[in-house]
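> A structural model of the following input is requested.
(chains A, B, C, D and E, ligands or ions: 4)
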Amino acid sequence: MLSFAVRRLVMLVPVFLAVSMIIFLIIHLIPGDPIDNLIRTGSTPEQKAILTAKYGLDRSLVEQYVIWLKKLLNGDLGEAIILRRPVSSLITQNLPYSLALGGLALLFSTVVGIVTGSLAAIYKDSALDRGVMALILLGSTVPSFWLGLLMILVFSVQLGWFPVSGARNWHSLVLPVLTVGLGGTALVARVTRVAMVDVAQKDFVTLLHAKGLAPLRIQLRHVLRHALLPVITILGLRIGWILGGAVTVEIVFARPGLGTLLIKSLNQRDYPVVQGCLLMLAIAVMLGTFLGDLIQAAVDPRVRGNLK
Amino acid sequence: MALLSVRDLSITIGRMQPLDRISFDLGKGEILGVVGESGSGKSLTAMSVMGLLPLIRGRITSGQVLFDGIDLTRLKEKEYRALRGRRIALITQNPMTSLDPVLTVGSQIDQVSRLHLGLVPAEAKARSIDLMQQLRISEAEVVHDQYPHQLSGGMKQRIVIAMALAADPDLIIADEPTTALDVTIQAQIMQILVELVRDRGLALMLITHDMGVVAQTCDRVVVLYAGRVAERNTVTEIFAAPQHPYTRALIGCIPRTASQPGSLTGIPGMVPSVLDYPSGCRFHPRCALAQAVCCDTVPPLEPVGVGGLTGCGLAACHFAGESAPAKGMRHG
Amino acid sequence: MADVLVSLRYLSRDFHSRAGLFGERRVLRAVNDVSLDIATGQVTGVVGESGCGKSTLARLVLRLLDASGGKVMFDGIDLGSLPARRLRKLRQRMQMVFQDPYSAIDPRYSIREALLEPLQVQGIRLARGEAAAKVDRLMDVVGLSRKMAEAYPHQLSGGQKQRIGIARALILQPSFLVLDEPTASLDVSIQAQVINLLEGLKTEYGLTYLFISHDLGLVRYFCDRVVVMYLGRIVETMPAKNAAPRHPYTRALLDSNFEPDPAKRRVVTRLSGEIPSAFDLPPGCAFAARCPRASELCRHERPELIASANDHSTACHHPIDQQ
Amino acid sequence: MVAQAGTFGRVVLTPRGGISALFLAIVVLCAIFAPWIAPYPYDVQDLSISSQAPSMAHWLGTDEFGRDVLSRIIFGARTSLTVSVVSICVSVFVGMSLGAAAGYFGGAFDRAVTAVVDLSWSFPEILIALIFVAIIGPGLESTMMAIGIAYLAQFTRLTRAQIMSLKGETYVEATINLGAGHLHVLFRHLIPNALAPVLVCGMLATGDAIILEATLGFFGLGAQPPTPSWGAMMNSGTAQIFLAPWIIIFPGLTVALTVIAINLCGDAVIQALDIRGRVRES
Amino acid sequence: QEAIVVFGSNDVGAPTYNPIKASILNTATSLIYDRLVEQDADHSFHPHLATSWETTPDGMEWTFKLRQGVKFHNGEPFNAKTIEAWIPLFKGTDNEYLVGGIDQVVVVDDYTVKFKMKHPDANLLFNLASVFMGVPEPKAYQTLGDKFGITEAIGTGPYKLESFTVGQETVLARNDDYTWGSDLSVNKGPAKIEKLTFREIAEESTAFLELKTGGVDMLLSVPTEFIPELQKEKSIAVNSMPGLDVMYMPINVTSAPFTDIKVREAAALAINQKEILSSIYKGVGLEAHNFLISSLQESKVDPKYDISYDPEKAKKLLEEAGWKAGGDGVRVKDGQPLKVKLWTQSDSEFKRVTEAVQAQLKAIGMQADITTFDSSTIRDQYKKNEHQLAVRSYSWGNADILDWFFNGERLGYPNISMFKDPKADELDNKALTQSRSWDERVANFKTYHEYILSQFPFAPIYQPMQNTAYNKDRLTLPQKIRGTQIGTETFLDMAAAD
Ligand SMILES: Nc1ncnc2c1ncn2[C@@H]1O[C@H](COP(=O)(O)OP(=O)(O)OP(=O)(O)O)[C@@H](O)[C@H]1O
Ligand SMILES: Nc1ncnc2c1ncn2[C@@H]1O[C@H](COP(=O)(O)OP(=O)(O)OP(=O)(O)O)[C@@H](O)[C@H]1O
Ligand SMILES: [Mg+2]
Ligand SMILES: [Mg+2]
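Residues are numbered from 1 along each chain as shown, chains lettered A, B, ... in the order given. Ligands and ions are numbered 1, 2, ... in the order given. Sure thing, here's the model as predicted:
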């Protein structure tokens, strides 16, 4: 398995190169110039030219890409133009926040999604099922900036349970996690429900009943386990959301994070930061799918294949 | 007294009534064949006896299922569960899909003896391995820890049988246990089942649509057609002197090497859908003997005794025993 | 012997696959070195257990799959080297009836559309009335009500669908028909109807059949010649219906058949051992592990298919003697 | 929609399907006949009646320029529906083409498409949309493009999966055996049969696209003023939520109701077509 | 005794506290670094680290007396040597122009320095009062290199930088040794609040709710639309003072029909400043009638040059220019409708003003189609010269902004009006480089300003207020806020409410 893991990782290298190239091109083709955002009222065109040269923006795109890639291979993500720090330090500064918010939100939507989804599946077509699914549908029709604001109004302004914004302690994490998490819950719950209903009709489940096992145990120990497989695939692909998907929520709750960093830098055309962030996301996504595969393999012997 | 006695069992699923007054008996050490075309209600009969109808939102509307004197239809779910797998075991049609693909086959057998016999894991494992060996699975210890996808169909079916046997049941319901298997493997499995019944005194309800299997293994036969019993008799009489035109037609459908080309008779038309069963005798649209009465009146299941062999045969036909050549299907 | 319509020479086909996501790449030889002549007007039956390569053989014969080795000659034309365009044209003459009638017709097509599709595909234009007449005639031929032409597949029973499948194969007036287990998913009662229909068609149109089945009883009833396959190879070809098998595997197949007569109950000679994995076949005879007659020789050396009298060939070191 | 006869009936006859279809029909009619239905023009400002609460004259109140909120919602349906429907249509079309080609021909092309699509699918839609809006520049067209591209992956994946599984159907082999070429197989059998789940999926995505349009409004993108769109209205300065909540709450409600209706209707269609697992998991 | 303050939206995202190299600096910077000179709300200059100064009549020499007893946060003394080391640090940076006029720094004695000038720079005091001229400790500046202003920031100000996370928060701790507060504050130091936390909150509603719930104590800038709501809260006080921003509509003079000055004037006269102020800004702020903020002397131009709403005249001008009333309210000339492009940025405030402007232009028969861009893209787009009208704003407290936006060398961006006029450039040059004294400079710029106004390359719209809101229960602020904006002075006098 280890050798397999290594092989899969090595296979990611060309993908990675292609991705880095795409990312680089995309960013540089967007109109806009970071230097415009850098120069101050009153500075001269010469100063602008100097700055442009300083950041290598006067070279051809190919040259710029090669330079960037070379640095990258040395583990250097470059220096932010507007934010004036090493990109790596910006990323390491923001990553923990994204991980905390995204990770917990993912956990939340996974746990709540699976629980509600399986409840809905077990009590299929009952009032409980309809109620749960309706609630989830309702939750997913509210854009996240509204949901966030709503949460603040209810839980912070009215009830005063949580701080309005910020990222100082776990307290301030609750509302953002709920906001991001609720969006994902719908997806997980739906997939879980559909998968469970599907699996429950399989022959082996009938046989489990025929063995005299308690229905609840069958649902939880056997059916759910199978239903988790598609959920895992989806979660693996969702790593992207963990790191970058919470932009609106980050803005509403005034939290730092990779998403916000990315969007702000994109707006200011701070190329190195955007490149760095997108690359991070791409890597995370690749790792996410990889991890998803590994978990799949751990759960499902068929995927695992004949490992000697 | 019979171990299992189904009396006038009728069930509904939604608005459909797929089984209508099914009755039959099955004694210890006996093999009862349940035959009929696809959709005639064989599997539902098995599900009813297993008490698994709720899974498919079905319900018993009338009749009794007496097992060892207990009326199963009145049993509480919990009591039923104690019985299921313990005294009545099920073998399903398709071994490929009957095992949980993510668990080792051994653990799936162990589950039964641990649940019903209260064995500790080690004991359960030993018992399972022992069972597997009895079913002539070579290298049972290794197989115990393998996953279903690593086994061949025949092996899997034997695992399912081992599962059924794990708590020493009195009654096994085998729903087409060999249809998904190759002929050579099918023979192997059938032989194992027959031996089990003979050696352990089990009762086996064998659901199949293969008249050959019935002929070779069963003691008695129930022929189902469109949710009703068409005929019931001992295996010898069914084959020697089928009373119901449907039974006769079924037997005529089997190709025999010795027969001449064109000698094969089919049954014209098709099995009616549960949504619109014909009135009267449900076989009448396909029956060569059908008369006006067949369309209106449901023929009761009555004793027939042509030649008076045993006198326990029953058939549901207004013209039982009358021989007219079953209408063979020939293209025009 | 009559003219050879289809001739297979050393036909092989490999499939590559991976055991699970993490497993090794494996090669499976589904059809191995098969040579066979099918004479015009004959019904050649192929039997064998599930996975022995019957369907793959059928597809190879019609070049729905490309062979990994060997060649297929149809009426003297090498299908393997035929350009795609000419092959498509040639398909008029060789048709197939599929194992699973339930999915053999596009659910969105009415029966009429499905029946006329072959003409459309082959670029044969008919006046509307002509087309309607053709459909009606075909419906008659396969014994279905003409009204049924307006129905959709989901409104038909399996047997009816299989008849439509046959009608569809017939509309192009082929000379060669491959029948891949045409009755396997049907009830016996329906199977009989279909077999009868096929029998009638054959005599009426002088068709040549390659009939595939896993049911030796049925094959022996229906075919002129029986080919027995085991794990990708032909182990025996027998001429007539009642010829006694010489290969122990054919014997076992025959013995495993349940005679529908309780009076003739017998103890089945059960094979021991498991079917070896198609992915790693033993060097010798593939059947050796299960064969009651196997010797050391069988385990090491593969027997060749050797012809004996009466057009009967067997690939066995220890064939059963005919008494 | 390509479906068996009676699908429409089966959708409309269920209570959920019927009500939601009715609601959607009303919304669509509003969009089409906006100039005749709306009580006021959407763009004429009257600052003397700015930010007024709902009243008999203005059922849903007026906005900060004194424009009638109800009229703007009715006209906004045009923009919002156009944006979401057009973008999803484009997305479905391109996604289907890509997915069908990838699924049918397989090989290196398939691997490349799958890799790109998987990657873009794993990126948050918002980011993709913003990146593309940044490339193309703001405006309705680019918003549509961006939304379309954000959902492209979904349809490509779904179509590819559909085609891959349909490819194994016997009737495909049967058609090839009749002598049919690739195009015939692809356009007469595979795509028509793959269509239903993709279209249903597209329908559900239209609901998501309405929300995404609203979210893009949060970043200041979308319809150019004074053209109203629900998203832009919802976001006309969140400050309004305290001063004149009706200005943004009613558009929000409209969005929520429409999206719910689309989802319910979609579920009914899924049930009627019996394509459950194929749509939801994609 | 702590306070949590939220930066205004202009301050969000400032990447560094290095005043020499930064292009944006936030309010906290002025608490870390003191400047030689402070500027009051009326733009008058007041001593701080420089106790007095004088200049020669030709403007070629400036002498500054420095305050004694001033120490940097790291204990280093502040004296003439500091200035000598500090000024050259600007060389090669973006901010070099601030000291561009200084040729040489001469240390006269420990607490006296003399600037020898390359050319007279009447704006020197303004420059010295800018936040970019906060004095850093030169040794630390050298040794820390790129990290200066990011991990550490050493000045003489009333607060020390404790921690800084870009885009998130800055924590300042009181400098207990501080005793050298400027004239503008009552308290000369040390500050009363021990610890100040500045937070960056991009979403204004969130900031508003934070203040409302007591999560923060003060918002440095509040959008006007929140003011009525804030005034409802008992515990919250709102302070409004004139700001440095002007919102205006540049008119592209090279793009027909605006090549015709009559059309330009008509468009400019169509803007109803009063209506925008009262409807969109609820009366908070000032109408803008020329290009400069009202507190600048250069804005006091001859009233005939001020641009004010006059729809009748606007219509007349259009008639004169040949644009006759058309069928659907849009004027027509030679069969061409009067349709123009109106660009704006995607921020919601811009969009709202633009919508109002659009309606006002419509009223005189000009149909303006709005296109919105994000702030980076729009700059690139201007360079393509495809725009006609736009809605923009700037923030600057000096008349030299005229040069920035209307100098013929900067066509495209920042000269969005594409205004290239030899006479204007001459006036510009004169004001910029040939003014020897402040008063002369004012006069020169006024002339330049008047000339530009006469050419209608833009239309003035609105001058926002700087609105500050704070929690009265937590903080007390001085009666009168001094300085051009809330800064050191205010924070020195700020105290915890009891
Ligand atoms: N879960 C179900 N819901 C509704 N109808 C059902 C269900 N299961 C079976 N039926 C219907 O009941 C009838 C009898 O089904 P059953 O499965 O008992 O047939 P069978 O004899 O076992 O057929 P086969 O040989 O195909 O297994 C059929 O017409 C079938 O359509
Ligand atoms: N497209 C394919 N890819 C990979 N393996 C295949 C493919 N088609 C067939 N095989 C393998 O080739 C072997 C022969 O398959 P084939 O379908 O020819 O068997 P068969 O004799 O027709 O079996 P059955 O009786 O079940 O139809 C099997 O092991 C099968 O798994
Ligand atoms: Mg069944
Ligand atoms: Mg096959």
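> ok, now which ones touch E:Thr27?
Contact partners of E:Thr27, counting by Cβ atoms under 8 Å, 6 or more residues apart in numbering or on different chains, are E:Phe7, E:Gly8, E:Asp11, E:Phe198, E:Leu220, E:Gln485, E:Ile486, E:Gly487. From N, CA and C alone the C-beta is placed, and that goes for glycine too.
> wait, D:Ala129 sits on D:Ile147?
Yes. Shown here, D:Ala129 and D:Ile147 form a contact pair, counting by Cβ atoms under 8 Å, at 6.2 Å.
> just how off-centre is stretch E:240-250 within its chain?
8 Å (Cα atoms, centre = their mean, to the nearest Å).
> mind checking the end-to-end distance for it?
Using Cα to Cα, to the nearest Å, the end-to-end distance of stretch E:240-250 comes out at 27 Å.
> got it, and stretch E:104-123?
Taking Cα to Cα, stretch E:104-123 runs 17 Å from one end to the other.
> Just want the phi and psi numbers for the closest residue to chain B within the stretch 101-250 of chain D.
Closest approach between the stretch 101-250 of chain D and chain B, counting by Cβ to the nearest Cβ: D:Gly168, at 17.2 Å. Main-chain torsions, D:Gly168, degrees, to the nearest 10: phi -80, psi -10.
> burial count for it?
Per other Cβ atoms under 10 Å in any protein chain shown, the neighbour tally for D:Gly168 reads 9.
> Could you check the pLDDT of it?
What the model reports for D:Gly168 is a pLDDT of 84.
> what's the answer for B:Glu322, then?
B:Glu322 is assigned a pLDDT of 67 by the prediction.
> again with the one 10 residues further on
As summarised for this prediction, B:Gly332 has a pLDDT of 29.
> next one: C:Ala19
Predicted confidence (pLDDT) for C:Ala19: 63.
> Need the nearest residue in space to E:Lys383, chain neighbours excluded.
Spatial nearest neighbour of E:Lys383, chain neighbours left out: E:Gly412 (4.0 Å); criterion: Cβ to Cβ, 6 or more residues apart in numbering or on different chains.
> I'd assumed E:Met418 was in contact with the one you found.
Yes. E:Gly412 lies in contact with E:Met418 (Cβ under 8 Å); the separation is 7.2 Å.
> Identify the contacts common to those two.
Shared contacts of E:Gly412 and E:Met418, counting by Cβ under 8 Å, 6+ apart, come down to E:Asn385.
> In chain D, which residue sits closest to ligand 1?
Of all residues in chain D, D:Asp274 sits closest to ligand 1, at 14.0 Å by Cβ to the nearest ligand atom.
> Which residue is it, in chain D, that comes closest to ligand 2?
Closest point on chain D to ligand 2, by Cβ to the nearest ligand atom, is D:Gly168, at 8.5 Å.
> Any idea how far apart the tips of stretch C:200-213 sit?
With Cα to Cα applied, stretch C:200-213 spans 19 Å between its terminal residues.
> Burial check on E:Gln68, number of neighbours?
Other residues close to E:Gln68 by other Cβ under 10 Å number 12.
> quick one: contacts for it?
So E:Gln68 contacts E:Tyr111 (Cβ under 8 Å, 6+ apart).
> so where's chain B shaky on pLDDT?
B:1, B:257-263, B:305-312, B:321-332 (pLDDT under 70).
> try 80
For chain B, the stretches with pLDDT under 80 are B:1, B:96, B:179-182, B:254-266, B:268-271, B:304-313, B:319-332.
> mind checking the longest helix of the chain?
In the absence of a named chain, chain A is used. helix A:87-122 (DSSP state H).
> meant chain D, my bad for not saying
Longest helix in chain D, counting by DSSP H: helix D:69-105.
> and the closest residue to chain A within the stretch 151-300 of chain C, how many neighbours?
Ranked by Cβ to the nearest Cβ, the top residue of the stretch 151-300 of chain C for proximity to chain A is C:Phe279, at 9.8 Å. Neighbourhood size, C:Phe279 [other Cβ under 10 Å]: 14.
> again with the one 5 residues further on
Residues within reach of C:Gly284, counting by other Cβ under 10 Å, total 19.
> So which bits of chain D are right by ligand 1?
Contact residues, chain D versus ligand 1 (Cβ under 6 Å from any ligand atom): none.
> Ok, the stretch 1-150 of chain A next?
For the stretch 1-150 of chain A, no residue is in contact with ligand 1 (Cβ under 6 Å from any ligand atom).
> Could you find the residue in the stretch 1-150 of chain C that comes nearest to chain B?
Closest to chain B within the stretch 1-150 of chain C is C:Glu49: 4.1 Å, counting by Cβ to the nearest Cβ.
> Quick check: that residue vs C:Asp215, distance?
Separation of C:Glu49 from C:Asp215 (Cβ to Cβ, to the nearest Å): 11 Å.
> joint contacts of the two?
Counting by Cβ under 8 Å, 6+ apart, the shared contacts of C:Glu49 and C:Asp215 are B:Val183.
> what about the residue nearest to the spatial centre of chain C, which SS state?
By Cα atoms, centre = their mean, chain C has its centre lying nearest to C:Ile212, at 2.5 Å. The local conformation at C:Ile212, judged by DSSP: H, G, I helix; E, B strand; the rest coil, is strand.
> E:Glu225 too?
Quick answer, by three-state DSSP: E:Glu225 is helix.
> surely it meets D:Ile241?
No. Applying Cβ under 8 Å, one finds E:Glu225 not in contact with D:Ile241, separated by 10.4 Å.
> could you measure the closest residue to E:Ile461 other than its chain neighbours against E:Met465, distance?
Using Cβ to Cβ, 6+ apart and skipping residues adjacent in sequence, the residue nearest E:Ile461 is E:Met247, 4.5 Å away. E:Met247 sits 12 Å away from E:Met465, going by Cβ to Cβ.
> can you check B:Ala290 too?
99 Å.
> show me where chain B has helices.
For chain B, the helices defined by DSSP H occupy B:42-50, B:77-83, B:95-98, B:105-117, B:121-134, B:140-144, B:153-165, B:183-200, B:211-217, B:235-240, B:245-252, B:292-296.
> can you list the ones you listed in TSV and add mean neighbour count?
TSV is the format used below for the helices of chain B (neighbours: other Cβ atoms under 10 Å in any protein chain shown):
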stretch	mean neighbour count
helix B:42-50	23
helix B:77-83	15
helix B:95-98	23
helix B:105-117	23
helix B:121-134	18
helix B:140-144	17
helix B:153-165	25
helix B:183-200	19
helix B:211-217	23
helix B:235-240	21
helix B:245-252	26
helix B:292-296	14
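> Relative to ligand 1, which of those is closest?
Short answer: helix B:42-50, nearest of these by Cβ to the nearest ligand atom, at 3.1 Å.
> do the closest one and ligand 1 meet?
Yes. Judged by Cβ under 6 Å from any ligand atom, helix B:42-50 and ligand 1 are in contact via B:Lys42, B:Ser43, B:Leu44.
> before we move on, back to that, the residue nearest to E:Ile461: how many residues sit nearby?
Residues near E:Met247, counting by other Cβ under 10 Å: 22.
> so what's the residue in the stretch 151-300 of chain B that ligand 1 sits nearest to up against?
Closest to ligand 1 within the stretch 151-300 of chain B is B:Val274: 3.6 Å, counting by Cβ to the nearest ligand atom. Neighbouring residues of B:Val274 by Cβ under 8 Å, 6+ apart: B:Met16, B:Gln17, B:Pro18, B:Gly39, B:Ala226, B:Gly227.
> Mark which of these are buried, thanks.
Neighbour counting with 16 or more other Cβ atoms under 10 Å in any protein chain shown marks B:Pro18, B:Gly39, B:Ala226, B:Gly227 as buried within those.
> ok, the third one touching B:Gly280?
No. Assessed by Cβ under 8 Å, B:Ala226 is found out of contact with B:Gly280, at 11.5 Å.
> Same drill for E:Glu225 and D:Ile241, tell me which one is more crowded.
Counted by other Cβ under 10 Å, E:Glu225 and D:Ile241 do not tie: E:Glu225 has more neighbours, with 26 against 20.
> Identify the spatial nearest neighbour of D:Glu169, chain neighbours not counted.
What sits nearest to D:Glu169 in space, not counting adjacent residues and going by Cβ to Cβ, 6+ apart, is C:Ser103, at 5.0 Å.
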